[in-house]
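Undergrad: Predicted structure and sequence below. I'll ask about it afterward.
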Amino acid sequence: MTPERAPIARELLAFYLEAGVDCALSDEPVNWLAEDLAAAEQPAAKPVQFRTANVAPPPQRILAEPAPPPDAAIASAREIAPTAASLQDLRTLLEGFDGCALKATATRLVFADGNPQARIMFVGEAPGRDEDLEGLPFVGRSGKLLDLMMASIGLDRTSAYIANIIPWRPPGNRDPSPQETQICLPFIRRQIELVDPDILVCLGKPSSQAVLDVKDGIMKTRGKWIEYTTGTRKIRAMATFHPAYLLRQPIYKRLTWQDLRAIKRALGAAKPD
Ligand code: URA
């Protein structure tokens, strides 16, 4: 029998990428298999070490202190987010906030893109790999589609403001946990209040459920106007499909187009104060 050839480096990298391993957390590779073998050779009574204890996080990502328990982090976020007097203040607060463990694995904060004076604000879920590298929301494939969606109703990043509920990339693009969402929610609420748009658009189910506080999925929620209270006034909000979902399910572009036309009409109708 011919022995199987060993996979070449490119094949291994492709395998890792498909498995969601697309960023390095430490400078030196760690041979986990060697560690498993060493652990197996230990006398049975010895406790097995928790793997991550041996991995030194990259220096720039060490949190000042370990992230607090979720309840304390949520309480702290609710206390400090409303104190931001400007968007720059809010960014600075987030940069110093260690309550969300995602900060430790993300490369950088992804705060916002676009025009803070815009009358329309789009809110997505969380940055992906491209956003994490660039520090700007929606710059990858789904961002390109969002640009096209905006262009179809005469908008671009000079006339719209774009942010996410979660400003740090979840590792491997996993879904943010409910606790992570609750921890970050006071910050995006304050960001909406400071931008003070006339129209708010939530992209996808996680954004609409968290920001608009609705229980239904996107199929039921999309395309309907919902009143959103910014803290200082009531504005019109709408949920529509997330561009990443549209890349997988292009059939829903038709419904999205209806939502976009309704948004365009509302922008025409809503006059700035
Ligand atoms: N998906 C999001 O929800 N936000 C981004 O910034 C990019 C992809």
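TA: Thanks, I have the structure now. Because the structure is a prediction, the values reported are computed rather than measured.
Undergrad: Under the pLDDT cut-off, which ranges of the chain? List them.
TA: 1-3, 12-65, 270-273 (pLDDT under 70).
Undergrad: Quick check: the gap between the residue of it found nearest the ligand and residue 219.
TA: For the chain and the ligand, the shortest gap (Cβ to the nearest ligand atom) falls at residue 124, measuring 2.9 Å. In this view, the C-beta of every residue, glycine as well, is placed from N, C-alpha and C. Distance check for residue 124 against residue 219: by Cβ to Cβ, to the nearest Å, it reads 18 Å.
Undergrad: more crowded one of those two?
TA: residue 124 (27 against 11; other Cβ atoms under 10 Å).
Undergrad: pretty sure that one contacts residue 208?
TA: No. Taking contacts as Cβ atoms under 8 Å, residue 124 lies outside contact range of residue 208: 10.8 Å.
Undergrad: For the chain, what lies in contact range of the ligand?
TA: With Cβ under 6 Å from any ligand atom as the criterion, the chain meets the ligand at residues 124-128, 131, 137-138, 142-143, 164, 244.
Undergrad: just curious, which of these is nearest to residue 200?
TA: residue 124 (12.2 Å; Cβ to Cβ).
Undergrad: Chain neighbours aside, what residue packs nearest to residue 78?
TA: Leaving aside its sequence neighbours, residue 78 sits nearest to residue 186 (Cβ to Cβ, 6 or more residues apart in numbering; 4.7 Å).
Undergrad: Could you do residue 239 as well?
TA: The shortest distance from residue 239 to any non-neighbouring residue, by Cβ to Cβ, 6+ apart, is to residue 208 (3.5 Å).
Undergrad: May I have the residues that are in contact with the one you found?
TA: Going by Cβ atoms under 8 Å, 6 or more residues apart in numbering, residue 208 touches 202, 214, 218, 221-222, 239.
Undergrad: Quick check: the residue nearest to residue 78 vs residue 94, distance?
TA: From residue 186 to residue 94 the distance is 11 Å (Cβ to Cβ).
Undergrad: higher neighbour count, these two?
TA: Neighbour count, other Cβ under 10 Å: between residue 186 and residue 94, residue 94 has more, with 23 against 18.
Undergrad: any idea how far the helix or strand harbouring that one is from the chain center?
TA: Residue 94 is part of helix 87-96, with elements assigned from DSSP states H and E. Relative to the chain's own centre, helix 87-96 is displaced by 17 Å; criterion: Cα atoms, centre = their mean, to the nearest Å.
Undergrad: Go through the protein and flag its longest strand.
TA: The strand that spans the most residues within the chain, counting by DSSP state E, is strand 234-240.
Undergrad: Show me which positions of that one end up buried.
TA: Going by neighbour count (16 or more other Cβ atoms under 10 Å), the buried part of strand 234-240 is 235-240.
Undergrad: ok, now which ones touch the residue of the chain closest to the ligand?
TA: 137-138, 146, 162-165, 203-204, 207, 242.
Undergrad: tally of neighbours for residue 118?
TA: Neighbours around residue 118, by other Cβ under 10 Å: 20.
Undergrad: Residue 142 now?
TA: The burial count for residue 142: 23, using other Cβ under 10 Å.
Undergrad: and if you look at residue 248?
TA: Other residues lying near residue 248 total 9 when counted by other Cβ under 10 Å.
Undergrad: List the contacts of it.
TA: If you count contacts by Cβ under 8 Å, 6+ apart, residue 248 has none.
Undergrad: The residue lying closest to residue 197 once chain neighbours are set aside: which element?
TA: Of all residues not flanking residue 197 in the chain, residue 121 sits nearest, at 4.0 Å (Cβ to Cβ, 6+ apart). Counting by DSSP H and E, the element that carries residue 121 is strand 120-124.
Undergrad: Okay, now the sheet partners of that strand, with direction.
TA: strand 161-164 (parallel), strand 199-203 (parallel) (DSSP bridges).
Undergrad: The spatially most central residue of the chain - nearest residue in space that isn't next to it in sequence?
TA: Centroid check for the chain by Cα atoms, centre = their mean gives residue 126 as the closest residue, at 0.8 Å. Leaving aside its sequence neighbours, residue 126 sits nearest to residue 166 (Cβ to Cβ, 6+ apart; 3.8 Å).
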